[in-house]
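Peer 1: task: produce atomic coordinates for the following.
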Amino acid sequence: MKSYISAIILAAGSSSRMGFDKLLSPINGIPVFMYSVCAFDLSEADELVLTVPTDKISEYERTAALYELNKPLKITAGADIRPRSALNGANAADSRCDMLLIHDAARLFVTGELIDRVILAAKLNGAAIPAVKLSDTVKFCRDGLVSSTPDRETLRAVQTPQAFIKSEYLAAVRSAGERMSGVTDDAALFEAVGKKVAVVEGDRRNFKLTTPEDAVIAEAMLAAYPDLAAKPRRKPC
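Peer 2: Prediction:
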């Protein structure tokens, strides 16, 4: 039987390092969050759930209403920390949902190919994440000094979307309880309860818009590669 997939798109962060709401700000004239919404609208996902700051729900609703979508979009309140925002999105998902895709709205260059890889691996393994090899050497440091150097070949930089069988995700959240406050990665909840998480090849272009410099890079990438990101379509006036 076909899975019912809900894409939870996280847009409730504070954008503190950016200095303004980066997800409502335009890149090439389109609000950043709409690139991710459009990518999942074109994917195997059956519905889209966007978690946003409580005081900006109306603004996100008005903005999203300007664009054409093929699938239902729910906009709901996020929370003070990432895991709770993701949980709010999962709780807002359709009752038929049996698989969750959890994605950072700030990763505007997510591709359909990457989404497909993660979904397939999660169907086979129960949970899956995309990741890329590191190009830099990493050091463990303490008190201003290097304590050790891990083997770079064993390390990966993790991206989103991350995919989970919904029932197992909710069980992992319940088990984590208050420990969720220190979690910055959804798969870490699975790891904490001993669940296996499959890893698929990520995409280096799928970076997270975090600083003002990242916005400049994103603009340049879209100028150089017009077909790099999904293109949201505005409704006729």
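
Peer 1: tell me how far the residue lying farthest from the centre of the chain lies from L134.
Peer 2: Most distant residue from the mean C-alpha position of the chain: L145, 33.6 Å away (C-alpha atoms, centre = their mean). To L134, L145 is 21 Å away according to C-beta to C-beta, to the nearest Å. Glycine gets a C-beta too; all of them are placed from N, C-alpha and C.

Peer 1: the helix or strand hosting A163 pairs with which strands?
Peer 2: Assigned by DSSP states H and E, A163 belongs to strand 162-165. According to DSSP bridges, strand 162-165 forms sheet pairs with strand 99-104 (antiparallel), strand 127-133 (antiparallel).

Peer 1: tell me the most buried of the ones you listed?
Peer 2: Mean neighbours per residue, mean count of other C-beta atoms under 10 Å, is largest over the strands paired with strand 162-165 for strand 99-104, with a mean of 26.

Peer 1: identify the residues contacting the following helix or strand past it?
Peer 2: On the C-terminal side of strand 99-104, the closest following helix or strand by DSSP H and E is helix 112-125. For helix 112-125, contacts defined as C-beta atoms under 8 Å, 6 or more residues apart in numbering pick out 3, 5, 39-40, 42-45, 99, 101, 128-130, 161-165, 196-203, 206, 230.

Peer 1: quick check: bridge partners of the residue most central in space within the chain?
Peer 2: Nearest to the mean C-alpha position of the chain, by C-alpha atoms, centre = their mean, lies H103 at 1.6 Å. Counting by DSSP bridges, H103 is bridged to I9.

Peer 1: then L48 would be within a helix, right?
Peer 2: No. The assignment for L48, made by DSSP: H, G, I helix; E, B strand; the rest coil, is strand rather than a helix.

Peer 1: neighbours of it, how many?
Peer 2: L48: 28 surrounding residues under other C-beta atoms under 10 Å.

Peer 1: low-confidence ranges, this structure, go.
Peer 2: Within the chain, the segments meeting pLDDT under 70 span 1, 14-20.

Peer 1: hey, where'd the strands end up in it?
Peer 2: 5-10, 26-27, 30-31, 47-52, 67-68, 73-77, 99-104, 127-133, 140-142, 145-148, 156-158, 162-165, 198-201, 233-234 (DSSP state E).

Peer 1: quick one: list the elements packing against the fourth one.
Peer 2: It stands for strand 47-52. strand 5-10, helix 32-41, helix 57-64, strand 73-77, helix 82-92 (3 or more C-beta pairs under 8 Å, 6 or more residues apart in numbering; DSSP states H and E).
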